[in-house]
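> coords please:
(one chain, ligands or ions: 1)
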Amino acid sequence: MTAEPTHIRIAGIVRESIVDGAGLRFVVFGQGCPHRCPGCHNPQTHDFQGGSLVSISSIIAEIRKNPLLRGVTFSGGEPFSQIEPFAALAKQVRALPGKLDITVYSGYTFEELAALPGAEKLLGLCDYLVDGPFLLAERDLSLKFRGSRNQRYLDLNRSRLAGRPVPAAEQPPLSPRRFAPKSAFSRLG
Ligand code: SF4
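Model prediction:
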């Protein structure tokens, strides 16, 4: 049996965000992305050797500091390029008090993730998925939580029951104490 990963390679974190899923969220930006979408908002996350390798326990300790969080978001980079570390993080988030939900972003579509070996190990621990690559030609600033019209905001729990991708209801965000834009990464440690 392989041991659970203890570390994860990240581009950074945002401690409070209202633009990466519903409500007030802690965001973990994974480092490394194979998709290379033209016009990507976070090109610094592409290099698989970039960012920092941090302990999963240090991320959990940061999440625990904020009792107002509704959930945690895994963004990128491509979280499904680090399935095992993000799944280990997701398990520890699920074990926290407060029933935090988990939203994951991916450049893969829901259908591609269904065929991606091992992806279910992470997807099965998440509640919401924003799927598909960012397409410059489909860019739309009015979309909630998404950058381009091809991307979908999916309710994974309902999708699992229905056996097909089911769009999530877009709940209004809670009022945050402060707002951190998506590009304002912090580093741990
Ligand atoms: S999947 Fe996301 S992080 Fe990766 S290149 Fe596309 S927009 Fe950028």
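> Residue numbers of this structure in contact with the ligand?
Neighbours of the ligand within the chain, by C-beta under 6 Å from any ligand atom: 33, 35-37, 40, 42, 45, 76-78, 107, 133-134. The C-beta positions use only the backbone N, C-alpha and C, and glycine is treated the same way.
> Out of the residues you listed, who's the most crowded?
Neighbour counts for those (other C-beta atoms under 10 Å) peak at residue 77, which has 29 neighbours.
> my read is it is in a strand, agree?
No - applying DSSP: H, G, I helix; E, B strand; the rest coil, one finds residue 77 to be coil, outside a strand.
> my read: it touches residue 29, true?
Yes - judged on C-beta atoms under 8 Å, residue 77 makes contact with residue 29 at a distance of 6.1 Å.
> what do those two both touch?
Counting by C-beta atoms under 8 Å, 6 or more residues apart in numbering, the contacts common to residue 77 and residue 29 are 10, 11, 42, 45.
> about what we covered before: ok, so of the residues of the chain next to the ligand, who is nearest residue 100?
residue 76 (19.5 Å; C-beta to C-beta).
> List the contacts of that closest one.
Residue 76 sits in contact with 11, 29, 30, 32, 33, 42, 45, 105, 106, 107, where contact means C-beta under 8 Å, 6+ apart.
> can you redo these as TSV with secondary structure and pLDDT?
Listed next are those as TSV, based on DSSP: H, G, I helix; E, B strand; the rest coil; pLDDT from 0 to 100:
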residue	secondary structure	pLDDT
11	strand	98
29	strand	98
30	strand	98
32	coil	98
33	coil	98
42	coil	90
45	helix	97
105	strand	98
106	coil	98
107	coil	98
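> hang on, the earlier thing: quick check: the two most widely separated of the shared contacts of residue 77 and residue 29?
Farthest pair in the shared contacts of residue 77 and residue 29, by C-beta to C-beta: 10 and 42, 11.8 Å.
> The helix or strand containing residue 53 pairs with which strands, parallel or anti?
Using DSSP states H and E, residue 53 maps to strand 52-55. Sheet pairing for strand 52-55, assigned by DSSP bridges, gives strand 7-17 (antiparallel).
> Quick check: residue 63 touching residue 25?
No - taking contacts as C-beta under 8 Å, residue 63 lies outside contact range of residue 25: 10.0 Å.
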